[in-house]
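> Have a look; sequence and predicted model below, questions after that.
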Amino acid sequence: MKSLIVLLLLLPFVPQAQTFQLAPPQTGIGSFQSPFFTDSTVVVLRFDLPGARIHYTLDGTVPGPASPVFKDRIVLRSSCALMAVAVHPDYRDSDPVSVQFVRLNPDLQPVQAELTHAPAAKYAGKGAATLYDRDKGHEQLTSGQWLGFEGQDLEYTVVFRKKVSLRQLVLSTLSAPGSWVMPPAAVELWADTGKKGAFEKVAFFELPPAREAESGIRERLFFLDFKPLKARRVRIVARNAGPLPEWHPGKGKPAWLFVDEVAFQ
Amino acid sequence: MRRRTFLQTSATLAAGFSAPAFLRKSADPVIGHGNFRFKINLDWGKQDPAQYPVNDCHEMAMDRQGRIILATNETRNNILIFNKDGKVLDAWGTEFPGAHGLTLHDEGGEEMLYIADYERHEVVKTTLKGRVVQTFGWPADSGKYASNTEFRPTETAIAPNGDVFIADGYGKDWVAHYDATGRLKNIFGGKLGLPDSLYNAHGIAVDARDPANPCLLVTSRVENCVKRFSFDGKLLGTIPLSGAYICRPVVQGENVFFAVLISKLPWDSQSGFVCILNKDNQVVSCPGGSLPENGAPDAKNPMYQTIQVFKHPHDVLPDADGNLYVAQWNAGKVYPARLERV
């Protein structure tokens, strides 16, 4: 105990060498096929630094020393939020990195889909099919996995093979204020519930806007629950957030809306 | 483990001396791989900002006397000249708001600086004391530009025959080829999306490692690669550097050095490091970053930052002892750092 006290007293006077922080483990291209999957998916986290380890969790909590250590692969069979940190004896722990994985029901894959408004030519992807191809867009906005709309809403109508039960809408969008890309302001869900053959509005969701402090490119994944319904045809309207807000350098100009996947649970 | 439990655990660890698996440890780390390993001296070039201010530290060059010359877009002193101990020996230049590219060239015994200024839309040749000798303007005769303001040059390379190649890295990504008198001879590259096009032609250098076949190395930063061109503008090959948003190629001895600005978008992601190629253009060391398998990165095996030593490295300068000086863009006005070879 005595030596401990001495140590404590001395500590402030010991010159501290600079400690650097680790970068987060790699969860980008090559780590997994897509965060959307139907049966199972394999995740490979990478962090190539001798002596480093990756700790991870699947319940959305920040990994601690007791969390599992990543070995060679993680097999996921259900929806989850994966979080990982890199640790090394010589460096400070990385910030956590997180990826939301979504297991989708194959019966809820559309047989037909259409867009009311065409996306911008530069961000046209494969048209409506882009939104149910189970491919996730990445930071490269021109990769063909994103649909981009300048100053316009996304209006997307899907037809299922038969009448299906639905309770949740999964909407994958982007927030990149620096590139004038804002997440949607609101989402409407319309369904042809078979009563009159016409669409009726069954749910409305207001979404949190991008904040001024928000820098960089962030994927925004929304899980929107609604009163369960049965329908064969549904329409999603994602409202463009524009014009750009007062704090934005391009204030008053049209905002871009980027969407790469729409799914149902 | 629930979040709250972990927070409590880590608080205990920080306060006590029990097995600190996650506790930070003091370290004098060595970064890099193979024969290129370095200790880190972030304070090497540190100055009193009231006396020698800097903004972005863009590029560096070393003169015959071994002095380290820095170009910054701070118009109180666009050029700072350091000795090897990081002391400022000279400072000059107030008229280069976009001082970016800095290339040193021996011309008949006198060393000249070529300062590529993207705000002035020209390259200015000066003596080491700052006397302006010549300027190279926009390539009006090429037909590729509507006005001088579209031309935002970032780098200059001087061929063995004295011809001057200017990379328009912040403009339209053409490489303008002038003779020594400033007459336009050719233009190539451009952002056309073709194999021999360029996308963010941020740097250019003469590669005379094979003395029989000298060529140009040109950065295509958004494509994460460097392209090899003949002096008449023909594409000879591409060196993929997947994941690395490289600045300019720096050829010394049998190696090529790159400051990697970032390894993921956005542009201010603070995810940079340093990358070193061997004579066969394989990646042999990445101080602060990951080493790709077999030294050959590709889209599925990209390079990435591992240790946050640097935010946005913008240029790297090797000295005769193998130390590296690193200048950074958008990093809180930091002065150049030194990586000391071990």
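Here it is on my side, so go on. Residues are numbered from 1 along each chain as shown, chains lettered A, B, ... in the order given.
> Please work out which residue of the stretch 101-250 of chain B is closest to chain A.
Nearest residue of the stretch 101-250 of chain B to chain A (Cβ to the nearest Cβ) works out as B:G243 at 8.7 Å. Just so you know, the C-beta spots here come from the backbone N, C-alpha and C atoms, and that holds for glycine as well.
> Run a quick neighbour tally on the closest residue to chain B within the stretch 151-265 of chain A.
Proximity to chain B, evaluated over the stretch 151-265 of chain A using Cβ to the nearest Cβ, is greatest for A:G216 at 4.6 Å. Neighbour count for A:G216, taken as other Cβ atoms under 10 Å in any protein chain shown: 16.
> same question, A:R167
So A:R167, with other Cβ under 10 Å, has 11 neighbours.
> try the one 3 residues further on
Using other Cβ under 10 Å as the criterion, A:V170 is surrounded by 18 other residues.
> what kind of secondary structure is it in?
At A:V170, secondary structure determined by DSSP: H, G, I helix; E, B strand; the rest coil is strand.
> surely it meets A:R220?
No. A:V170 lies out of contact with A:R220 (Cβ atoms under 8 Å); the separation is 11.6 Å.
> before we move on, the earlier item: what values do phi and psi take at the residue of the stretch 101-250 of chain B closest to chain A?
phi 90, psi -20 (degrees, to the nearest 10).
> how many other residues sit next to the closest residue to it other than its chain neighbours?
Spatial nearest neighbour of B:G243, excluding adjacent residues (Cβ to Cβ, 6 or more residues apart in numbering or on different chains): B:P302 at 2.9 Å. Using other Cβ under 10 Å, B:P302 has 22 other residues around it.
> which ones are touching B:P302?
B:P302 makes contacts with A:28-30, B:224, B:242-244, B:263, B:292, as judged by Cβ atoms under 8 Å, 6 or more residues apart in numbering or on different chains.
> Can you say which of the residues you listed are buried?
For the contacts of B:P302, a burial check counting by 16 or more other Cβ atoms under 10 Å in any protein chain shown picks out A:28-29, B:224, B:242-244, B:263, B:292.
> and the least confident of the residues you listed?
pLDDT across these is lowest for A:I29, at 69.
> so where's the chain uncertain?
If you meant another chain, say so; for now it's chain A. A:1-18, A:29, A:194-196, A:215 (pLDDT under 70).
> not quite, I wanted chain B
B:1-27.
> Repeat the analysis, applying 90 as the threshold.
Chain B contains residues with pLDDT under 90 at B:1-28, B:108, B:265-266, B:299-301.
> which residues does B:R209 contact?
B:251, B:254, B:279.
> for residue 175, what are its contacts?
Defaulting to chain A. A:181-183, A:210, A:214, A:217-220.
> wrong chain, I was asking about chain B
Here B:V175 is in contact with B:165-168, B:187-189, B:198, B:201, B:204, B:216, B:218, B:229, B:233 (criterion: Cβ under 8 Å, 6+ apart).
> run the last query once more with 7 Å
B:165-167, B:187-189, B:201, B:204, B:218 (Cβ atoms under 7 Å, 6 or more residues apart in numbering or on different chains).
> Quick one: the helices in chain A, in order.
Taking DSSP state H as the criterion, chain A contains helices spanning A:2-10.
> Which parts of the stretch 51-200 of chain B are strands?
B:57-62, B:68-72, B:79-82, B:88-92, B:99-107, B:110-117, B:122-127, B:132-136, B:155-158, B:164-167, B:174-178, B:184-189 (DSSP state E, counting those that start in this stretch).
> Chain B contacts on chain A?
With Cβ under 7 Å from any Cβ of the partner chain as the criterion, chain A meets chain B at residues A:4, A:16-23, A:26, A:29-30, A:47-49, A:61-62, A:64-67, A:87, A:89-93, A:139, A:178, A:215-217.
> Narrow these to those that are buried.
For the residues of chain A next to chain B, buried by 16+ other Cβ under 10 Å: A:20, A:22-23, A:26, A:29, A:47-49, A:61-62, A:64-65, A:67, A:87, A:90-93, A:139, A:216-217.
> related to what we said a few turns ago, thinking the residue of the stretch 151-265 of chain A closest to chain B is in contact with B:S271, fair?
No. With contact defined as Cβ atoms under 7 Å, A:G216 and B:S271 do not form a contacting pair (10.7 Å).
> What degree of burial does the closest residue to B:W329 other than its chain neighbours show, as a neighbour count?
Leaving aside its sequence neighbours, B:W329 sits nearest to B:H314 (Cβ to Cβ, 6+ apart; 4.0 Å). Neighbourhood size, B:H314 [other Cβ under 10 Å]: 27.
> mind checking how far B:H314 is from chain A?
From B:H314 across to chain A, the span is 18 Å (Cβ to the nearest Cβ, to the nearest Å).
> ok now do that residue, which residues does it touch?
B:56-59, B:247, B:259, B:261, B:327-329.
> Show the residue spans covered by the strands in the stretch 1-150 of chain A.
According to DSSP E, counting those that start in this stretch, the stretch 1-150 of chain A carries its strands in the segments A:36-37, A:41-43, A:53-57, A:74-76, A:80-87, A:97-103, A:112-115, A:147-150.
> Excluding chain neighbours, what is closest to the residue of the stretch 151-265 of chain A closest to chain B?
Nearest one to A:G216, counting by Cβ to Cβ, 6+ apart, is B:P266 at 4.6 Å.
> And for A:F160?
A:R232 (5.4 Å).
> ok, now A:V69?
A:R53 (5.4 Å).
> partners of that neighbour in the sheet?
A:V87 (DSSP bridges).
> Count the residues that sit near it.
Residues contacting A:R53 under the criterion other Cβ under 10 Å number 16.
> what separates it from A:L76, distance-wise?
For A:R53, the distance to A:L76 equals 20 Å [Cβ to Cβ, to the nearest Å].
> Please identify the residues of the stretch 151-300 of chain B in proximity to chain A?
B:264-266, B:268-269, B:271, B:290-291, B:299-300.
> what's residue 226 in contact with, if anything?
Answering for chain A, as no chain was given. A:167, A:169, A:189, A:202-203.
> right idea, wrong chain: chain B
B:217-219, B:239, B:241, B:246, B:249.
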